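*Asks:* no sequence for this one, just the structure:
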C-alpha cells in the first residue's frame with residue numbers, strides 16, 4: 001500500500017481526513033468519495049474509511065468504520081474520534097436526503113468496528129442557525145469531565161446573508177450536549193469547515209478550512225483571544241482541510257487531501273477528493289506553525305536519478321543563465337542546499353521540462369518579493385536571503401516541495417511530463433550545492 005499520496009483503489013478518492021492517535025496507533029479515518037462529491041444526487045454519499053499504523057511505514061486497511069446503512073442517510077460527513085473510559089466515540093454529521101445536516105454518534109470498543117448510537121441523529125441545528133450548515137463536529141476535553149464540541153454552523157441573524165461560525169457545544173458525559181455560543185467567527189463572511197483544536201507546547205491552536213484551504217489561529221488561552229499569524233496557512237492552498245493528531249511524544253502530524261484536476265489539465269479546476277497528503281507540523285519559537293515532509297513516509301530509493309551529480313553555480317549578471325540535466329526518471333527526489341547571491345536574485349527550476357522552460361512546471365524563488373511559486377501555486381513571506389535546504393519530490397502528476405524544513409508547497413500538473421531538470425537564474429546568481437538526485441519506483445513505495 002502506498003503511504004504518502006495514498007488513493008483508494010478503483011474509481012474512488014480520498015476526502016476529508018480525521019487522524020486520531022491512541023495507545024501507539026495512528027488512525028486515519030477519511031471520507032471515501034466516488035464521483036467527486038456527486039454521489040447520491042450530489043449529497044456526497046460519503047462513508048468513513050479507515051487506515052492505521054504504528055510506525056508510519058507499515059499500514060493496515062480496515063473495513064468501513066461508519067457506513068451508510070439507511071435510505072435517509074445521504075452522506076456520512078466529516079467529524080472526529082474521541083476516546084473515553086474504554087470506548088472510541090465517533091462524532092459525525094449526517095446529510096439527509098433533504099440536504100439538511102444533523103449530528104450523529106457511533107461507538108466502538110476497538111476503534112475499528114463502530115455501532116451507531118440511538119437516537120440517530122442526536123441533534124439538529126438549533127433555532128437561529130441554518131439547517132444546511134451543521135456538520136464537522138470536533139470533540140475535545142477542556143477540563144477533566146468537561147467536554148467541548150466545535151461544529152461548523154451558519155448564523156441566520158443578525159447577518160442577512162448568513163455568517164459562518166464554529167458553534168460550541170458542551171457536555172459532561174459525551175451523550176447530552178448543550179448549545180453554548182459561537183467559538184470562532186472568521187473575518188470573512190464564509191463558513192469555516194472541519195475544525196481542529198489542540199494544545200502543543202504552551203499554545204492552543206484552532207484550525208479550520210476556509211474555502212477548503214486550511215487556516216489557523218493560536219492563543220495562550222484555551223478559548224482565545226485568537227491571534228491571526230502573518231502567514232495563517234500552515235501548508236499551502238491545495239492541502240485541503242488539514243486536520244492533525246499527535247504521533248508519539250512531541251510530534252504532531254497533519255493529514256489533508258489534494259484534489260484531482262478536471263480533464264487532467266494543468267489549469268483544470270480542482271475537484272473534490274483525491275489523494276491523502278501527510279505533513280509533519282513544525283512549531284516555531286514564537287508559536288507559529290509550518291510543515292515539512294514526514295521522514296518515515298519518504299520513498300524507498302531504487303538508484304541514482306542522474307549520473308555525475310555535482311554543484312550547479314549560475315551567474316546572471318550579464319543576462320539569464322541556465323543549465324539543463326536530462327534524462328531523469330519520472331519519479332525522483334531532488335535535494336540540495338541553495339545559496340542565493342544578492343538580495344535581488346530570482347532563480348529556480350523548470351521541473352519535468354522538455355529542454356525549454358515553458359514546457360515544464362516552474363519552481364521560482366524571488367528574493368525581492370520573499371515569495372516562491374510552483375506553477376500557479378504560491379507562498380508568500382518565505383525567508384530566502386540566507387542559504388536554505390530544498391527537497392523536491394516528483395511522482396505521477398504531483399509536484400511537492402519542502403523548503404528549509406518548515407514550509408511546503410504542492411501542485412498537480414497532469415500534462416507536464418518532460419524528463420529534463422532545468423536550473424536557471426534571471427537576476428544576480430545562485431549556487432546549488434550538495435545535490436542529491438534519487439529515483440524511486442511506485443511499486444516499492
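*Replies:* Right, received. Where do you want to start? All values reported here derive from a predicted model rather than from experimental measurement.
*Asks:* from here on, contacts and neighbour counts on C-alpha atoms
*Replies:* OK.
*Asks:* let me see the ranges of the strands in the stretch 251-400 of the chain.
*Replies:* 252-261, 270-283, 289-292, 301-304, 312-315, 321-325, 332-353, 361-366, 371-374, 377-379, 388-395, 398-403 (DSSP state E, counting those that start in this stretch).
*Asks:* now distance to residue 69, mean pLDDT and mean neighbour count too, for those, in TSV please.
*Replies:* What follows is these, written out as TSV (distance: least, Cα to Cα, whole Å; pLDDT from 0 to 100; neighbours: other Cα atoms under 10 Å):
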stretch	distance to residue 69	mean pLDDT	mean neighbour count
strand 252-261	26	98	24
strand 270-283	22	98	22
strand 289-292	38	98	23
strand 301-304	43	66	15
strand 312-315	59	94	19
strand 321-325	55	93	17
strand 332-353	43	94	21
strand 361-366	45	97	22
strand 371-374	43	98	21
strand 377-379	40	97	17
strand 388-395	37	97	19
strand 398-403	35	98	20
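*Asks:* just put those strands in TSV and tack on distance to residue 426.
*Replies:* Below are the strands of the stretch 251-400 of the chain laid out as TSV (distance: least, Cα to Cα, whole Å):
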stretch	distance to residue 426
strand 252-261	31
strand 270-283	31
strand 289-292	28
strand 301-304	29
strand 312-315	9
strand 321-325	7
strand 332-353	5
strand 361-366	10
strand 371-374	14
strand 377-379	19
strand 388-395	19
strand 398-403	20
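*Asks:* quick one: closest of the ones you listed to residue 187.
*Replies:* Distance to residue 187, taken as Cα to Cα, is lowest for strand 289-292 among the strands of the stretch 251-400 of the chain, at 20.1 Å.
*Asks:* the closest one: how far from the chain's middle?
*Replies:* Using Cα atoms, centre = their mean, to the nearest Å, the mean C-alpha position of strand 289-292 is found 11 Å from that of the whole chain.
*Asks:* check which helices and strands that strand sits against.
*Replies:* strand 270-283, strand 407-412 (3 or more Cα pairs under 8 Å, 6 or more residues apart in numbering; DSSP states H and E).
*Asks:* could you find the closest non-adjacent residue to the residue most central in space within the chain?
*Replies:* By Cα atoms, centre = their mean, the chain has its centre lying nearest to residue 256, at 2.7 Å. With sequence-adjacent residues excluded and distances taken as Cα to Cα, 6 or more residues apart in numbering, residue 256 is closest to residue 242, at 4.1 Å.
*Asks:* what about the one you found, helix or strand, and which?
*Replies:* strand 240-246 (DSSP states H and E).
*Asks:* got any ranges where the stretch 51-200 of the chain has weak pLDDT?
*Replies:* 158-161 (pLDDT under 70).
*Asks:* which parts of the chain are helices?
*Replies:* 39-42 (DSSP state H).
*Asks:* domain assignment for it?
*Replies:* Using automatic domain parsing, the domains assigned to the chain come out as 13-297, 301-444.
*Asks:* number of nearby residues for residue 127?
*Replies:* 9 (other Cα atoms under 10 Å).
*Asks:* distance of it from residue 3?
*Replies:* Relative to residue 3, residue 127 is positioned 44 Å away (Cα to Cα, to the nearest Å).
*Asks:* reformat the domains of the chain as TSV; add distance to residue 7.
*Replies:* Shown next, in TSV, are the domains of the chain (distance: least, Cα to Cα, whole Å):
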stretch	distance to residue 7
domain 13-297	5
domain 301-444	12
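*Asks:* returning to that earlier point: to residue 120, which of the strands of the stretch 251-400 of the chain lies closest?
*Replies:* The nearest among these, by Cα to Cα, is strand 270-283 at 26.7 Å.
*Asks:* packing partners for that closest one?
*Replies:* Packing partners of strand 270-283 (3+ Cα pairs under 8 Å, 6+ apart): strand 13-22, strand 252-261, strand 289-292.
*Asks:* possible to save these as a markdown table with distance to residue 81?
*Replies:* As requested, these are arranged in a markdown table below (distance: least, Cα to Cα, whole Å):
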| stretch | distance to residue 81 |
| --- | --- |
| strand 13-22 | 7 |
| strand 252-261 | 15 |
| strand 289-292 | 23 |
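*Asks:* please identify which of the ones you listed is closest to residue 176.
*Replies:* strand 13-22 (22.8 Å).
*Asks:* what mean pLDDT does the closest one get?
*Replies:* Throughout strand 13-22, pLDDT has a mean value of 98.
*Asks:* from the chain's centroid, how far away is that strand?
*Replies:* The chain centre lies 10 Å from the centre of strand 13-22; the measure is Cα atoms, centre = their mean.
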